[in-house]
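Colleague: I'll drop the sequence and a predicted model, then ask my questions.
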Amino acid sequence: MHIKNGKDFWAGLMFMGFGLAFTLVALNYPMGSAVRMGPAYFPTVLGGMLVVLGAMVFFRAFVSKFEHPLKVFLFRPPLLIAAIVIGGATYFASGPALTFGGEAYFAHNFFKGGPMVQFALAGLALLLFIGAFGPRSMFLILLAVVIFGYALKPLGLVLATVILIVVSAVGGHDFRKKEIVILTIVLVIFGVFVFVKGLGLPFNLWPGE
Amino acid sequence: MDWALVHNLGIGFGVALSLQNLMYCFFGVLLGTLIGVLPGIGPVATIAMLLPVTFNLSPISALIMLAGIYYGAQYGGSTTAILVNLPGESSSVITCLDGYAMARQGRAGPALAIAAMGSFFAGCVATVIIALFAPPLAEVALKFGPAEYFSLMVLGLVGATVLAHGSLVKAIAMTILGLLMGLVGTDVNSGIARFSFGLSELSDGIGFVIVAMGVFGFAEIITNLEQGEARDVFVNKVTGLMPTWKDLKDSSGAILRGTALGSALGILPGGGALLSSFAAYTLEKKIGDTSKFGKGEIRGVAAPESANNAGAQTSFIPLLTLGIPSNPVMALMIGAMMIQGIAPGPQVMTERPELFWGMIASMWIGNLMLVILNLPLIGMWVKLLTVPYRLLYPSILLFCCVGVYSLSNQPFDVMLTAIYGLLGYIFVKLECEPAPLILGFILGPLMEENLRRAMLLSRGDPSVFVTKPISGVLLGIALVLLLITLAPAVRKTREVAFQE
């Protein structure tokens, strides 16, 4: 069989994967009956429908009248496999104890080992996962976003903004040092005055405040 | 003449014309226009950021301001679409086609003026429609049981699917994927945290701001950067705002049709600005002389711009009468009402008339402000557009991140948004339209809840959805919509219509 439409091929696989994953996880919950639906009922029905629809899209890829190459976007399977292995191992080693947010790990657990190692491994898996797809610019932009999220509390708004702007700007094609310096200064001042002073959002400005 | 309506509108204008509310209305539409002009930052991010702040305002001021941001963004979005060929707002995507073509011919001024006039006309009509139709609808809604709610949501989802781009099967699959993602979190009936993988951050579910911002906001930045910067701003060419008499004559019909279509689609759950503008453009292309479409046809600007504004405003109807959010912005409005201790639903109109009518009156006032803001201040907005994208996107990222973070002050939310950004990029590449996913995501838990209740009440008999008259009619419409789309003739034109 010859795959005519690469987009349908991958989309079909994606839908089937999601449908299957939701159905399998839902099987852990009570099903109930049609009268008293348990927590598994609705997701199982939807998951089944998604698998069927995904299969339709998948098979359409072989008979489609639209031609698309199989390579739709950059995809690096080794990174994805590494992400799944590291992430899975970390998750199953720590189980429900693993948590990404809540308390700021940098402030409290940095030198205490344990959770910090988990956190670092989970973060590594995440970066590998993001890096497995798409262009370089996407990786840098999403990296900047993730760092901003986790740095905001321990490092404060000013430094987190600097990191976000610089890392994401590197992701563009046209990096001009001078411009980015000015942009960063403007946005830091804007952020401090509008977000913190004006809107009263509860961010600290500097580390350890 | 219905005196109750006049009386109610009197109350409304009394509320909306207070100095404080005028000020918040002005602030809302100004901010809305600003974010509408700037591509990449939309009402979802802005309202999410302002949500915690509204806690300190009076309920009516908060709602007036947030509503102003939403319909103000529809005005602003057209400016960017016409001058830069970039949708300032997702609902202006279609305006790019003919609006930018007009700008290239040196007719940016008339295009902007017609867009503003059409939006104003549509805004006025939509305000009247809300005032006329919301009260009787709310009365009907009081009779709605779980079966009716469920069927209505099915209709909304089918509507969103049918009007989405491209493949119907993919659109349905995206809707279902959205419904499933909406189910993540604690199940209200059993207390089991579903699909949370033991992560406490997921036990409250995934915020729709996270999904919307990732799938729309981040994914758009990534695809824009991938395509490279190719923008050509027609800054110096905006001369002579006034459209000619012929322009007005040509576009008046389109404005009327766009307004009518937009108002109707806005009421449907799943409708709103985006779908309205697409549908209006598709309709225009079937009427009269179609040779100039894509080459600077003024009707191609007038119709979608009127429709998106009408749709933006009438999408408040399902929210105010049924308590059902028809798009992410309306879901945020529910959040804003909850913060103020108001449960959205048909009872709002009778229990808090000043809130309901004040908001409607403010919409009309806000539309007037927008015309005044937009036409004379166009030069200022144009200046903003000369900011190159390489400076714009880091700023947009900052706003989005702060918006997401401020929802619950959790770094986890920001990380999740990044993952949804990745997913959004994959969706774009695989030609899977994300709009139905978002709607499914918002409606997922509501749908399950109503399905459960309906089945419990009917003792497990699924025929209740068909035998109850209102529910049956709603499902019937949904079925007809689906069948029409599958009919070979419509399928062909649909493919053609969405090719461009």
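Modeller: Nice, I can see it. Numbers count the residues shown, from 1 in each chain, chains lettered A, B, ... in the order given.

Colleague: Please name the nearest non-neighbouring residue to residue B:446.
Modeller: In space, and not counting its chain neighbours, residue B:446 is closest to residue B:153: 6.6 Å by CB to CB, 6 or more residues apart in numbering or on different chains. In short, each C-beta sits where N, CA and C put it, glycine included.

Colleague: any idea which element that neighbour lies in?
Modeller: Using DSSP states H and E, residue B:153 falls within helix B:146-163.

Colleague: Past that helix, which element shows up next along the chain?
Modeller: helix B:168-182.

Colleague: Tell me which other helices or strands that following helix touches.
Modeller: Here helix B:168-182 touches helix A:6-26, helix A:41-63, helix B:146-163, helix B:435-457, going by 3 or more CB pairs under 8 Å, 6 or more residues apart in numbering or on different chains; DSSP states H and E.

Colleague: Recalculate using a threshold of 10 Å.
Modeller: Judged by 3 or more CB pairs under 10 Å, 6 or more residues apart in numbering or on different chains; DSSP states H and E, helix B:168-182 is in contact with helix A:6-26, helix A:41-63, helix B:146-163, helix B:208-212, helix B:411-429, helix B:435-457, helix B:469-486.

Colleague: Please see if the next helix or strand after that helix touches chain A.
Modeller: Once helix B:168-182 ends, the next helix or strand along the chain (criterion: DSSP H and E) is strand B:185-186. Yes: using CB under 10 Å from any CB of the partner chain, strand B:185-186 reaches chain A at residue B:186.

Colleague: List the strands paired with strand B:185-186, with their directions.
Modeller: strand B:193-194 (antiparallel) (DSSP bridges).

Colleague: outside of the strand it pairs with, which residues touch it?
Modeller: With contacts defined as CB atoms under 10 Å, 6 or more residues apart in numbering or on different chains, strand B:193-194 is touched by A:22, A:25-26, A:28-29, A:39-40, A:42-43, B:180, B:183-187, B:199-200, B:202-205.

Colleague: Go again with 6 Å.
Modeller: A:39, B:183, B:186, B:187, B:203 (CB atoms under 6 Å, 6 or more residues apart in numbering or on different chains).

Colleague: quick one on the thing from earlier: helices or strands up against the helix holding residue B:153?
Modeller: helix B:168-182, helix B:435-457, helix B:464-467, helix B:469-486 (3 or more CB pairs under 6 Å, 6 or more residues apart in numbering or on different chains; DSSP states H and E).

Colleague: Deepest-packed of those helices, please.
Modeller: Among those, helix B:168-182 has the highest mean neighbour count (mean count of other CB atoms under 10 Å in any protein chain shown), at a mean of 26.

Colleague: does residue 205 sit in a helix, a strand or a coil?
Modeller: Reading this off chain A. Following DSSP: H, G, I helix; E, B strand; the rest coil, residue A:205 is assigned to coil.

Colleague: Wait, chain B was what I had in mind.
Modeller: Applying three-state DSSP: residue B:205 is coil.

Colleague: and the closest residue to it other than its chain neighbours, how many residues sit next to it?
Modeller: With CB to CB, 6+ apart as the criterion, residue B:205 has its nearest non-adjacent residue at 2.9 Å, and that residue is residue B:185. Neighbour count for residue B:185, taken as other CB atoms under 10 Å in any protein chain shown: 19.

Colleague: likewise residue B:265?
Modeller: Based on other CB under 10 Å, the number of other residues close to residue B:265 is 28.

Colleague: Quick check: the residue of the stretch 301-450 of chain B nearest chain A.
Modeller: Closest to chain A within the stretch 301-450 of chain B is residue B:414: 2.7 Å, counting by CB to the nearest CB.

Colleague: Can you tell me the SS state at the residue lying closest to that residue once chain neighbours are set aside?
Modeller: The shortest distance from residue B:414 to any non-neighbouring residue, by CB to CB, 6+ apart, is to residue A:149 (2.7 Å). Secondary structure, three-state DSSP: residue A:149 is helix.

Colleague: In chain A, where is pLDDT below threshold?
Modeller: Chain A contains residues with pLDDT under 70 at A:1, A:93-115, A:209.

Colleague: Contact partners for the residue in it positioned nearest to chain B?
Modeller: Nearest to chain B, among the residues of chain A, is residue A:149, at 2.7 Å (CB to the nearest CB). When the contact criterion is CB under 6 Å, 6+ apart, the partners of residue A:149 are B:411, B:414, B:415.

Colleague: Just name whatever secondary elements the helix or strand harbouring residue B:255 is in contact with.
Modeller: Per DSSP H and E: residue B:255 is located in helix B:245-267. Packing partners of helix B:245-267 (3+ CB pairs under 6 Å, 6+ apart): helix B:108-142, helix B:273-284, helix B:299-314.

Colleague: Quick check: which of those is buried the most?
Modeller: helix B:299-314 (a mean of 35).

Colleague: Return the distance of whatever helix or strand comes next after that one from the chain's centre.
Modeller: Sequence-wise, the next helix or strand downstream of helix B:299-314 (DSSP H and E) is helix B:316-322. Centroid displacement of helix B:316-322 relative to its chain, using CA atoms, centre = their mean, to the nearest Å, is 13 Å.

Colleague: Likewise for stretch A:25-35?
Modeller: That offset, for stretch A:25-35, works out to 28 Å (CA atoms, centre = their mean).

Colleague: is chain B contacted by it?
Modeller: Yes: Stretch A:25-35 lies within reach of chain B by CB under 6 Å from any CB of the partner chain, at A:25, A:29, A:34, A:35.

Colleague: Tell me the secondary structure at the second one.
Modeller: Okay, so that is residue A:29. coil.

Colleague: can you count the residues close to residue 86?
Modeller: Answering for chain A, as no chain was given. Residue A:86: 19 surrounding residues under other CB under 10 Å.

Colleague: You answered for a different chain; I wanted chain B.
Modeller: If you count neighbours by other CB under 10 Å, residue B:86 ends up with 21.

Colleague: got the domain boundaries for chain A?
Modeller: Chain A breaks down into these domains under automatic domain parsing: A:6-63, A:79-198.

Colleague: Comparing the ones you listed, which comes out most buried?
Modeller: domain A:6-63 (a mean of 19).

Colleague: gap between the two ends of that domain?
Modeller: 11 Å (CA to CA, to the nearest Å).

Colleague: just stretch B:367-381 next, same as before
Modeller: First-to-last residue span, stretch B:367-381, CA to CA: 18 Å.

Colleague: Determine how far it lies from the middle of the whole chain.
Modeller: Distance, centroid of stretch B:367-381 to centroid of chain: 21 Å (CA atoms, centre = their mean).

Colleague: do stretch B:323-330 as well
Modeller: 8 Å.

Colleague: per-residue confidence averaged over that stretch?
Modeller: The average pLDDT within stretch B:323-330 is 79.

Colleague: Out of the helices and strands packed on helix B:146-163, which gets nearest to residue B:132?
Modeller: helix B:469-486 (20.4 Å; CB to CB).

Colleague: Tell me which other helices or strands that closest one touches.
Modeller: Partner elements for helix B:469-486 (3+ CB pairs under 6 Å, 6+ apart): helix B:146-163.

Colleague: ok, now with 10 Å
Modeller: Applying 3+ CB pairs under 10 Å, 6+ apart, we find helix B:469-486 packed against helix B:146-163, helix B:168-182, helix B:464-467, helix B:488-499.

Colleague: Turn those into CSV, columns for mean pLDDT and distance to residue B:332.
Modeller: Formatted as CSV, the helices and strands packed on helix B:469-486 follow (pLDDT from 0 to 100; distance: least, CB to CB, whole Å):
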stretch, mean pLDDT, distance to residue B:332
helix B:146-163, 85, 17
helix B:168-182, 93, 15
helix B:464-467, 89, 30
helix B:488-499, 53, 28
